[in-house]
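# Show me the folded form of this:
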Amino acid sequence: MSELRKQMIHLMEGQNYAASTIKCYVYWVQELARYHGCCPSQLTDEQIGHFLKYIRDQGKSWSTVNAGYSGIKWFYVHVLTRGWNQHQLARPRRQKRLPEILSKEEVGRLLKSVSNLKHQTALMVMYSG
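Take a look at the predicted model:
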């Protein structure tokens, strides 16, 4: 295990990060290093930006890309104590999706599937709201 990885884990444990968050953040820094084939401390902002674009272009979900961004940013700001260029390395925007609307037939089936009158009434009130 590299000294930078040990330092990152030690700092995150000291700040009471969840084990799953530590694992996730370390994973993304490791992927960044693997993508460029060198230590992440040697990378430029442009190279980091290329990697972030690469994971976005792979069709990963917004939350996955956001986790990668957060982990890499945390590493550079807290472990390497290096500034983070907000303009060149902007956080990706969340995708806006329209809610799924049920058809009249689907609503009817949903309401008929509930046998308890009280539950059926609650569903009707919620749906009409």
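# Which strands and helices lie in contact with the lengthiest helix in the chain?
Longest helix in the chain, counting residues (DSSP state H): helix 19-36. Where contact means 3 or more Cβ pairs under 8 Å, 6 or more residues apart in numbering; DSSP states H and E, helix 19-36 is packed against helix 3-14, helix 45-57, helix 62-74. Using the backbone N, CA and C atoms, a C-beta is placed for each residue, glycine as well.
# Can you tell me which of those helices is most buried?
helix 62-74 (a mean of 18; mean count of other Cβ atoms under 10 Å).
# Go ahead and measure how far it is from the middle of the chain.
Computed by Cα atoms, centre = their mean, to the nearest Å, the chain-centroid distance of helix 62-74 equals 5 Å.
# need the next SSE after it, C-terminal direction.
Once the chain leaves helix 62-74, the next helix or strand it forms, by DSSP states H and E, is helix 104-112.
# Give me the buried positions along that following helix.
By neighbour count, and taking 16 or more other Cβ atoms under 10 Å as the criterion, helix 104-112 has no buried residues at all.
# Can you give the contact residues for it?
Judged by Cβ atoms under 8 Å, 6 or more residues apart in numbering, the contacts made with helix 104-112 from elsewhere in the structure are L102, Q120, L123, M124, Y127.
# which is the next helix or strand following it?
Later in the chain than helix 104-112, the nearest helix or strand by DSSP H and E is helix 117-128.
# Mind checking the helices and strands packed on helix 19-36 for the one nearest to R82?
helix 45-57 (9.4 Å; Cβ to Cβ).
# what's the average pLDDT for that closest one?
On average, the pLDDT along helix 45-57 is 88.
# re the thing from before, just the buried ones among the contacts of helix 104-112, please.
The neighbour-count test (16+ other Cβ under 10 Å) applied to the contacts of helix 104-112 identifies L123 as buried.
# Mind listing residues that contact the longest helix of the chain?
If you take Cβ under 8 Å, 6+ apart as the criterion, helix 19-36 is touched by 5, 8-9, 12-13, 17, 39-40, 43, 47-48, 51, 54-55, 67-68, 70-72, 74-75.
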